[in-house]
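Undergrad: coords below, sequence missing:
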């Protein structure tokens, strides 16, 4: 069974008792097809942007239910034949998978202090020291190449 949502307009000319009766009729149509009602929102009066079957006002109602997908076509045909329902729309609700919450790590930041000029100089000296080992590596590579040449000449 899938979850569906039915939004429908009832004629605004109906009395509150007739509106209640029409809502019960729609619910019974759903139940006749083997549907299970999950929730119903209160209906409210709305002004239509365009006339529907000669009505400028209508009552908007909403019902959520579960039904087999094969039976939804029959339900739509029965709703079309119902005189109290001006228009309707059936929406397929997506299946929502509930995932467990992930634990999040909290990032703790410490206040940073501005560096004194002496510290900046110390960092530049550290950079110079890092450059010297690189040059030594080049020298080592040159020495290795010379030794290889000597070995190959022999």
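TA: Ah, there it is. Everything quoted here is computed from the prediction, not taken from an experiment.
Undergrad: can we go C-alpha only for contacts and neighbour counts from here?
TA: Fine.
Undergrad: Next one, pLDDT for the most centrally placed residue in the chain please.
TA: The centroid of the chain falls nearest to residue 96 when counting by Cα atoms, centre = their mean (9.9 Å). Looking at residue 96, its pLDDT stands at 75.
Undergrad: residues making contact with stretch 1-19?
TA: For stretch 1-19, the surrounding residues in contact (Cα atoms under 8 Å, 6 or more residues apart in numbering) are 22, 45, 55-69, 84-95.
Undergrad: scratch that, stretch 34-43
TA: For stretch 34-43, the external contacting residues (Cα under 8 Å, 6+ apart) are 27, 30-31, 59-68.
Undergrad: again, only this time at 10 Å
TA: When contacts are defined by Cα atoms under 10 Å, 6 or more residues apart in numbering, stretch 34-43 is touched by residues 1-10, 19-20, 23, 27-31, 58-68, 71-72, 75.
Undergrad: next helix or strand past the strand ranked longest in the chain?
TA: Criterion DSSP state E: the longest strand present in the chain is strand 36-52. Per DSSP states H and E, the first helix or strand lying C-terminal to strand 36-52 is strand 55-67.
Undergrad: Next, the angle from the helix or strand following that next one to strand 55-67.
TA: Note on strand 55-67: by DSSP H and E, the next helix or strand toward the C-terminus is helix 72-81. Interaxial angle of helix 72-81 relative to strand 55-67 (axes from the mean of the first three to the mean of the last three Cα atoms, to 10 degrees): 160 degrees.
Undergrad: Which of the helices or strands spans residue 24?
TA: Here residue 24 is assigned to helix 16-32, by DSSP H and E.
Undergrad: what is the mean pLDDT for that helix?
TA: According to the model, helix 16-32 has a mean pLDDT of 91.
Undergrad: where does that helix sit relative to the chain's centre, distance-wise?
TA: Centre-to-centre, helix 16-32 and its host chain are 33 Å apart (Cα atoms, centre = their mean, to the nearest Å).
Undergrad: hmm, which helix or strand of the protein has the shakiest average pLDDT?
TA: helix 117-153 (a mean of 65; mean pLDDT, DSSP states H and E).
Undergrad: Contacts only, for residue 94.
TA: Residue 94 touches 2, 3, 4, counting by Cα under 10 Å, 6+ apart.
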